[in-house]
Structure formats: structure tokens, C-alpha cells
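**Q** What follows is a predicted protein model with its sequence.
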Amino acid sequence: MEKEQFVEVAVVTTSGTYPSRGHARVPAHQKVRVELEKAAKELKITSTDGWIARVGSKEIDVDKSYLDNALSGEFFIDWGPRQGGGGTIDES
Amino acid sequence: MNHELSEEIFKNGTRFCQDEALLSVRSWRVVSVTYPVLEIEFAYEGRSTIRVKMLCNDWDELPPSVELLDKEGVPLAQFPVGKGHSVFNNSSHPRTQRPFLCIPGVREYHEHTSHVSDTWENYKNKSGYDLGGILTRTWDAWKNSE
């Protein structure tokens, strides 16, 4: 039987960082979304529609596991809204 | 809007300026967080450092007025050009006569004649449109600009 792998994760947002100190130890095969949902609940973020998660400069797929996102060890997930669209400006 | 109330909302909405993990991960530096001004420096590998100055008088009845400055605090005469459809508009804004950031949640966007029907009320209190959210979207746009 394979030994369970773990990663050390902290989620940073402008509403706060989860956990507030250090990193959480979570199974590496767990979907990223699980920890983000915990962060949203703890930080009282009511809607995260359109938000993106990054580790370093790389956007990650929150519906995949840490392993599937090629993440290991200890890291921060940077989570927040995407730039969002501007509007067309009438130059006339 | 009541000045004290606006200042209280501003203070509550800028607590992230004390979050060392966030500032470190995003390479943000707090230049000023004294009501009504929130000024943050953005640094990113391969990019010229800039400052984003958000004037938050009457927040959150009004969205912040946003200026982009160089690292010395001088307003940029020309904004970075984004990939594809850019939110950095280098045309002259009707009020400021300067380039402006063209995204919802920014005062110059909602004031512009092209967007007067898309009012701040459509976004106020929605996720991603607090001060941290507006700053994050500005940062994301800047990182994706050329």
C-alpha cells in the first residue's frame, strides 16, 4: 500500500490568509477546491465566482488535486478575482 | 457621505495591508494607507515597478478614483498596453484629461460617457468589488499588460 502524500498549503486573499498562521497539511490527492472552500468559509467570503487561484505565476486548476497540478511541499495559493473586463469606449 | 463612516469602512477594507503573507506573495508594498488614500507599489519580475493610488473619499458610496504612478510617485503619462482588449485606456478621460483604468469599480470607468448607464450600484457590495478586489483586478491587469 502506498504511503499517503501530503502538501502544506496556505491560501492568501485580500480578505485574509487561511490558516491565519502557518500552513495546513492536506492530502496531496485532494482537490484544491476543498481547501479554498474552507478558506472562503473561514474568511467569510460570500462569493468567489470568477476567481482564479495561482501558485507563483502559474494558474492552477482548482478541480484537480495538488498532485495533478504538479504541486508538492509547502506553498501559498494566491486566490482572487480576475482582472475583469473593461468596456468599449466610444471615441467619437 | 458621512466622513467618519467612510473612514471606518475604509479602515475595515484595508486590513489586508497588514497581511504579511499576502504582501510577500504578491510583492506588494504599502506606500500609504491613510484615509482617503490607499497607495500600493506593485513589483513583478521583468516589469517596471508602479504604484497604484486609490483615492477613496466617500468610499463606498463612490468607487475609488485610481491613478497609476511610477515608482517615484509621478503619474504615468502613458499606461501599459494590455494584451488583447486592454483595460488601460490611454485616451483622455473627460474629467481628469488623463489616461485611465477602464474597469468596473473604478470611478473613472463609471463617470465615463460610455459607461454612465453601468453605475457603481451594479457592483457595490459584490464580491471582488471591495478595495482589495479592485486592487487585485488592477494588479492582475497590470501583470498581463505588455
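**A** On my side now, so go ahead.
**Q** Show me what residue of chain B gets nearest to chain A.
**A** residue B:132 (2.5 Å; CB to the nearest CB). Bear in mind the C-beta positions are built from the backbone N, C-alpha and C, glycine included.
**Q** Residues contacting stretch B:110-127, please?
**A** The contact list for stretch B:110-127 (CB atoms under 8 Å, 6 or more residues apart in numbering or on different chains) reads A:45-49, A:81, A:87-90, B:60, B:62-63, B:93-95, B:100, B:102, B:104-105, B:107, B:109, B:129, B:133.
**Q** to the chain's geometric centre, what's the distance from that stretch?
**A** The chain centroid and the centroid of stretch B:110-127 are separated by 15 Å under CA atoms, centre = their mean, to the nearest Å.
**Q** Next, the distance between the ends of it.
**A** Across stretch B:110-127, the terminal residues are separated by 18 Å (CA to CA, to the nearest Å).
**Q** How about the residues of chain B by chain A?
**A** Taking CB under 8 Å from any CB of the partner chain as the measure of proximity, chain B contacts chain A at B:15-16, B:19, B:21-22, B:25-26, B:85-87, B:89, B:91, B:102-105, B:109, B:112-115, B:118, B:126-128, B:130-133, B:135-138, B:140-141, B:144.
**Q** Narrow the contacts of stretch B:110-127 to those in helices?
**A** B:107, B:109, B:133 (DSSP state H).
**Q** between those residues, which is closest to residue A:69?
**A** residue B:133 (24.2 Å; CB to CB).
**Q** number of nearby residues for the residue nearest to the closest one when sequence neighbours are not counted?
**A** Spatial nearest neighbour of residue B:133, excluding adjacent residues (CB to CB, 6 or more residues apart in numbering or on different chains): residue A:81 at 5.2 Å. By other CB atoms under 10 Å in any protein chain shown, 24 other residues sit near residue A:81.
**Q** do residue A:58 as well
**A** By other CB under 10 Å, neighbour count at residue A:58 equals 10.
**Q** And residue A:76, by the same measure?
**A** Residue A:76 sits with 20 neighbouring residues when counted by other CB under 10 Å.
**Q** Residue A:12 is in contact with that one, correct?
**A** Yes: at 5.3 Å, residue A:76 and residue A:12 qualify as touching, with contact defined as CB atoms under 8 Å.
**Q** which residues do these two both contact?
**A** What both residue A:76 and residue A:12 touch, as defined by CB under 8 Å, 6+ apart, is the set B:21, B:25.
**Q** Residue A:3 and chain B: what is the separation?
**A** Applying CB to the nearest CB, to the nearest Å, the value for residue A:3 to chain B is 30 Å.
**Q** Do you have the strands of chain B handy? List them.
**A** Here chain B has its strands, by DSSP state E, at B:28-34, B:37-42, B:50-55, B:65-70, B:88-89, B:100-101.
**Q** The ones you listed: lowest mean pLDDT?
**A** Among these, strand B:88-89 has the lowest mean pLDDT, at a mean of 86.
**Q** ok, the residue of chain A found nearest chain B - contacts?
**A** Closest approach between chain A and chain B, counting by CB to the nearest CB: residue A:14, at 2.5 Å. By CB under 8 Å, 6+ apart, residue A:14 lies in contact with A:80, B:16, B:19, B:22, B:130-133, B:135-136.
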